[in-house]
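> Got a predicted structure here, sequence first:
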Amino acid sequence: MADVKEKVEKHIDEVTVRFAGDSGDGMQLTGTQFSDTTAVLGNDLSTLPDYPAEIRAPAGTLYGVSGFQLHFSSEDIHTPGDVPDVLVAMNPAALKKNLPELRRNGLIIVNSDAFDKKNLKLAEYDSNPLEDGSLDGYEIMDIPITSLTFSALEDSPLSQKEKSRCKNFFALGLMYWLYNRPIDQTVNWIESKFKNKPDIIDANEKALKAGYNFGDITERFTTRYTIEPAKLKSGVYRNISGNEATALGFVVAAEKAGLQLFLGSYPITPASDILQYLSKYKEFGVKTFQAEDEISGIASAIGAAFGGSLAITTTSGPGLALKTEATGLAVMTELPLVIVNVQRGGPSTGLPTKTEQADLLQALYGRNGEAPVAVVAAATPSDCFDMSIEASRLALTYMSPVILLTDGYLANGSEPWKIPSIDSIPEIPVKFHTDVDSYQPYSRDENLVRPWAIPGTPGLEHRIGGLEKANITGNVSYDPDNHFEMIKVREEKIKKMANSIPDLEIEGDNDADILVIGWGGTYGAIKEAVMHSRKKGYKVAQAHFKYINPMPKNTEEVLKSFKHILLPEINMGQLAKVLKSEFLIPIIQFNVVRGLPFRVGDIEAKIVEVLGGKNE
Amino acid sequence: MSSTEIKTEKYTSKDFSSGQDVRWCPGCGDYSILAQVQRTLPNIENIVKEKVVWVSGIGCSSRFPYYMGTYGFHGIHGRAPAIATGLKIARPDLTVWVATGDGDLLSIGGNHFIHACRKNIDLKIILFNNRIYGLTKGQYSPTSEKGKVTKTSPYGSVDYPFNAISLALGSNATFVARSLDREPKHLAEMIDRAAAHKGLAFVEVYQNCNIFNDGAFELLTEKETKDDHVVILEHGKPMLFGKNKDKGIKLDGFTPVVVDLNDGRHTINDIIVHDEKDHGMVRAFILSHLTDDPNLPTPIGVFRQVFKPTYDEAMVEQIEQVKKKKGKGDLEKLLFATNTWEVSEN
């Protein structure tokens, strides 16, 4: 290393970085900024925010650690990465908590200023890991980030505390240098975010630049990395999270249906963003009602649906449980309603900020009586856009409640999204019934769908509600035969939706030895595991369920044409239970419920295990 | 969506009947409420029948929408105010009424009730209060008196009852009134005034359940006793009662007391003059608590009517303001409203 200026530029294909610090350290912001900049550079990427349920746990503690993982690549990727290659740890607790998951030989960048006696004790370290040799085998960059930030901000009129808050921008700047990313996008962001606070703008920008320049000047970094843009399909892209995609999908669906969008919702993690986003879109006439509770959220949506809106309610696990009775009311009144459940770890309050897909049986069956509803699930963050439109289309076309399942990982995770042209999204035909002579509240068309006649229509005054209805007239009926008939009609109506949903698609070898199936947010992990196994010479195929009730018409045919069916689920085997009872086929289950997305390597290992390790 | 055609010919009460068989027990106080509603609605200025919606929860009273010739929604227990709220917000052009009972509104639906009041959603809520659970056959309700013996309180209820008027006032309802099923003229007047009020209108109707709680309001409805036990609230008038209107309510500090105008010590000037427009809540609260004291008469009439913008209006106004500022929503712009980048053919 004779000349420090001669740093090696190394081209790599992909890297997984994890930013970790105190929940007050701004790690989510740092991660998001790095993701946005990386997205604009044209890398494919996938993110996994991971933060505690406590907003500000006591500083320096293990339970206060907030993390943001980001996987980016010059190739097509589908997960936020199994193990980070690089860990940025702002304090000892962040190091301790994340070290077990770091790749062996991985790079650790730590804020050495934070490794004082107090913080080491809070992180339950007996000795300083930076000095005791316990990090041997890792590449350590101990950088006094706090003091370097202070010296960069010497002239700033800000208080010490405020200056200290800028240290995440120092770390971000350093990472921008290390991975050859421009800083201007973050500079623009800082300027618009702190519009009327010139001192804050100045300090954050200085810290960012100081971090960037430090990378350049210090003798310690000898290598700088470049990751070329990924070969994505041509088009205009943006980075998008699942919750934002869901919100946008509903706005588009309402416009395509020519209806007003109404959201009745009660804040709950991780679903609240959808309510927050939709509250902003007033110029589209979106009406958001922050209800007094979950029940009011869905009940108000049912009222709005009766009135002729595209009505939705959004929630997460325990909230869906509270909406149960009203969901049955929507089934009985046959009104269009979309219920979004952003699943999180359960039962009860469970793991509020962690992901899980264990509400499937609740979505399918969690109601009193025979109360079938349609259930669809988004597969990736950007797929939330398509599936919220699909859920709306099915609800409006079939006058039925539809449950859209996403999860904490999809909701908060983000990926590049090729923005569709609005014209390419089909209209959703909706007609309010107005003809007096032909009107019966529960008359039915060929799809068994009843007409939507809304209050304000002269001559069509009618009454609906939760009591059993006489078919056609909709009058209250306690007739036993009518009840049985109506149960069958409501069931059949959901089944008929299968006529308007796509077939289950097989990705990979049609003559594979094993078909890996899944549903919802596990799509990316399964896809990568399948791709890796195929590269190793295994014959593997994948099929992913986005429509769970009803299922695609070719489901049975697909499932019965493979020798082995493997189903990884972040639950104890809920879809497996449904498929086994429906199709009487053996299913190899793979269930890991840790509040985290699947690790690709684990699914891959399971595939190999099922295939007996042959072809390796 | 909105056909604003206003019917010129006059409606009759028949127009507001669905023609379905009414299935309340013979002698039920609900019949009177139904009759007064059907009689009153046709006389309301500019009323458009197809724009009227009755929403209900569960209970005897909640069968009400089935008997009305308007749009109707028979919901689930306690949730009528929430369903009605969504409907009214989505469709401010509709006139939305809620028919509910003491169990429905004040027990399982308590949360929705207080928040509908607080937000001043333009709903008309008629509470059928018979102080008993009727449809489930005779258990005590949140308005049953302490000590009441029912199927679920064989040794007397140890619950303290809710005072529905106090609850509505405490939740900032902008129109709060009470009437009696056995006072059809007064009841009709309260319904009429609720209909005319812009904002949340709450009308409690003391209503007899002749099967499970017969005679609950006997003192207030029987000829021999009612004059001494009911005081009619009239705006701007002194609160007098008794057969010869020679008794009145006087305020002793914050304590209401009954005075006799013939005792030689009091004159009409000592009697409270009712002011329903009072924005302050103190006097309305004092009046609402007269009911709880057996030595004081029960007020019927309008306790409070004040005006403030409604939730649904405010929401529409805000949307219009944002549209004015940002222009009408453009989907293309929305999807691209962030950092984007272009990938060209590889």
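All right, it came through fine.

> how about the strands of the stretch 151-300 of chain A, start to end?
Per DSSP state E, counting those that start in this stretch, the stretch 151-300 of chain A carries strands over the ranges A:223-226, A:235-241, A:261-265, A:287-290.

> so where is the stretch 301-450 of chain A shaky, pLDDT-wise?
Counting by pLDDT under 70, the stretch 301-450 of chain A has no low-confidence residues at all.

> likewise chain B?
B:1-9, B:345-346.

> Pick out the residue nearest the middle of it.
Nearest to the mean C-alpha position of chain B, counting by Cα atoms, centre = their mean, stands residue B:202 at 2.4 Å.

> Run through who's touching the helix or strand where that residue lies.
Using DSSP states H and E, residue B:202 sits in strand B:201-206. Identification of contacts with strand B:201-206 by Cβ atoms under 8 Å, 6 or more residues apart in numbering or on different chains yields B:29, B:33, B:117, B:123-130, B:164-165, B:168, B:173-181, B:187, B:190-191, B:193-195, B:216-217, B:220-221. (Glycine included, C-beta is placed from N, CA and C.)

> can I get the CA coordinates of that strand in CSV?
Extracted in CSV, the C-alpha atoms of strand B:201-206 (Å, rounded to 0.1, in the frame of the first residue of the first chain):
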residue,chain,number,x,y,z
ALA,B,201,-79.2,14.6,16.5
PHE,B,202,-79.9,12.3,19.4
VAL,B,203,-83.4,11.6,20.6
GLU,B,204,-84.0,9.3,23.5
VAL,B,205,-87.5,7.9,23.7
TYR,B,206,-88.6,6.3,26.9
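
> ok, residue B:190 - contacts?
B:177-179, B:203, B:205, B:301-302.

> quick one on the thing from earlier: so which of the strands of the stretch 151-300 of chain A comes closest to residue A:345?
strand A:235-241 (18.9 Å; Cβ to Cβ).

> so what strands line up beside that closest one?
According to DSSP bridges, strand A:235-241 forms sheet pairs with strand A:414-418 (antiparallel), strand B:340-343 (antiparallel).

> contact partners of the longest helix along chain B?
The longest helix of chain B (DSSP state H) is helix B:311-326. Applying Cβ under 8 Å, 6+ apart, the contact partners of helix B:311-326 are A:282-283, A:285, A:287, B:88-89, B:92, B:119-122, B:309, B:329.

> one more time with 6 Å
With contact meaning Cβ atoms under 6 Å, 6 or more residues apart in numbering or on different chains, helix B:311-326 is reached by A:282-283, A:285, B:88-89, B:92, B:119-122.

> among the residues you listed, which two are most distant?
Of all pairs drawn from these, the greatest distance, 25.2 Å, lies between A:283 and B:120 (Cβ to Cβ).

> If you count surrounding residues, which of those two has more?
residue B:120 (24 against 18; other Cβ atoms under 10 Å in any protein chain shown).

> is it true that the more buried one touches residue B:310?
Yes - judged on Cβ atoms under 6 Å, residue B:120 makes contact with residue B:310 at a distance of 5.2 Å.

> can you list residues touching both of the two?
Joint contacts of residue B:120 and residue B:310 (Cβ under 6 Å, 6+ apart) are residue B:199.

> Weed out the non-buried ones from the contacts of helix B:311-326.
Buried members of those, counted by 16 or more other Cβ atoms under 10 Å in any protein chain shown: A:282-283, A:285, B:88-89, B:92, B:119-122.

> now those in a markdown table, with distance to residue A:412?
Formatted as a markdown table, those follow (distance: Cβ to Cβ, whole Å):
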| residue | distance to residue A:412 |
| --- | --- |
| A:282 | 25 |
| A:283 | 26 |
| A:285 | 28 |
| B:88 | 34 |
| B:89 | 29 |
| B:92 | 36 |
| B:119 | 31 |
| B:120 | 36 |
| B:121 | 33 |
| B:122 | 38 |
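
> Name the residues of stretch A:225-245 that are buried.
For stretch A:225-245, the neighbour count (16+ other Cβ under 10 Å) marks A:227, A:230, A:232, A:237-245 as buried.

> which SS class is the closest residue to residue A:354 other than its chain neighbours?
Nearest residue to residue A:354, sequence neighbours excluded (Cβ to Cβ, 6 or more residues apart in numbering or on different chains): residue A:595, at 3.1 Å. Using DSSP: H, G, I helix; E, B strand; the rest coil, the structure places residue A:595 in coil.

> Tell me if I'm right that residue A:595 and residue A:352 touch.
No - taking contacts as Cβ under 6 Å, residue A:595 lies outside contact range of residue A:352: 10.0 Å.

> Next up, the contacts around residue A:9.
A:224, A:226.

> Give the bridge partners for it, please.
Judged by DSSP bridges, the bridge partners of residue A:9 are residue A:224.

> Pull up the gap between it and chain B, please.
Per Cβ to the nearest Cβ, to the nearest Å, residue A:9 is found 23 Å from chain B.

> thinking again about what came up before, which two among the contacts of residue B:190 are spaced furthest apart?
Maximum pairwise distance in these, criterion Cβ to Cβ, is 13.5 Å, between B:205 and B:302.

> ok, which stretches of the stretch 351-500 of chain A are helices?
Taking DSSP state H, counting those that start in this stretch, the helices of the stretch 351-500 of chain A run over residues A:360-365, A:383-398, A:408-412, A:480-496.

> Chain neighbours aside, what residue packs nearest to residue A:289?
Leaving out its chain neighbours, residue A:289 is closest to residue A:264 (Cβ to Cβ, 6+ apart), at 4.7 Å.

> ok and the residue in the stretch 301-450 of chain A nearest chain B?
Relative to chain B, the nearest point of the stretch 301-450 of chain A is residue A:303 (3.1 Å; Cβ to the nearest Cβ).

> in terms of contact, does that residue touch residue B:87 like I think?
Yes - using Cβ under 6 Å, residue A:303 is in contact with residue B:87, at 3.6 Å.

> who's more crowded, these two?
Neighbours per residue, other Cβ under 10 Å: of residue A:303 and residue B:87, the larger number sits with residue A:303, 34 against 31.

> hmm, back to that, what's the angle between the helix or strand in which the residue of the stretch 301-450 of chain A closest to chain B is found and strand A:261-265?
In this assignment (DSSP H and E), residue A:303 forms part of helix A:294-306. Relative orientation of helix A:294-306 versus strand A:261-265 (axes from the mean of the first three to the mean of the last three Cα atoms, to 10 degrees): 160 degrees.

> CA atoms only: put helix A:294-306 into PDB for me.
What follows is helix A:294-306, C-alpha atoms only, in PDB (Å, rounded to 0.1, in the frame of the first residue of the first chain):
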ATOM      1  CA  GLU A 294     -61.400  -2.000  14.000                       C
ATOM      2  CA  ILE A 295     -65.100  -2.800  14.000                       C
ATOM      3  CA  SER A 296     -66.000   0.700  13.100                       C
ATOM      4  CA  GLY A 297     -63.400   0.500  10.300                       C
ATOM      5  CA  ILE A 298     -65.100  -2.300   8.600                       C
ATOM      6  CA  ALA A 299     -68.600  -1.300   9.500                       C
ATOM      7  CA  SER A 300     -68.100   2.100   8.000                       C
ATOM      8  CA  ALA A 301     -66.700   0.500   4.900                       C
ATOM      9  CA  ILE A 302     -69.800  -1.700   4.600                       C
ATOM     10  CA  GLY A 303     -72.000   1.500   4.900                       C
ATOM     11  CA  ALA A 304     -69.900   3.100   2.200                       C
ATOM     12  CA  ALA A 305     -70.300   0.000   0.000                       C
ATOM     13  CA  PHE A 306     -74.100   0.100   0.400                       C
END
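
> Show me the shaky parts of the stretch 1-150 of chain A.
Using pLDDT under 70, the stretch 1-150 of chain A drops low at A:1-5.

> Let's see that with 50 instead.
A:1-4 (pLDDT under 50).

> For the residue in the stretch 1-150 of chain A positioned nearest to chain B, list the residues it contacts.
Chain B sits closest to residue A:40 of the stretch 1-150 of chain A, with a gap of 4.7 Å, by Cβ to the nearest Cβ. Going by Cβ under 6 Å, 6+ apart, residue A:40 touches B:339, B:341.
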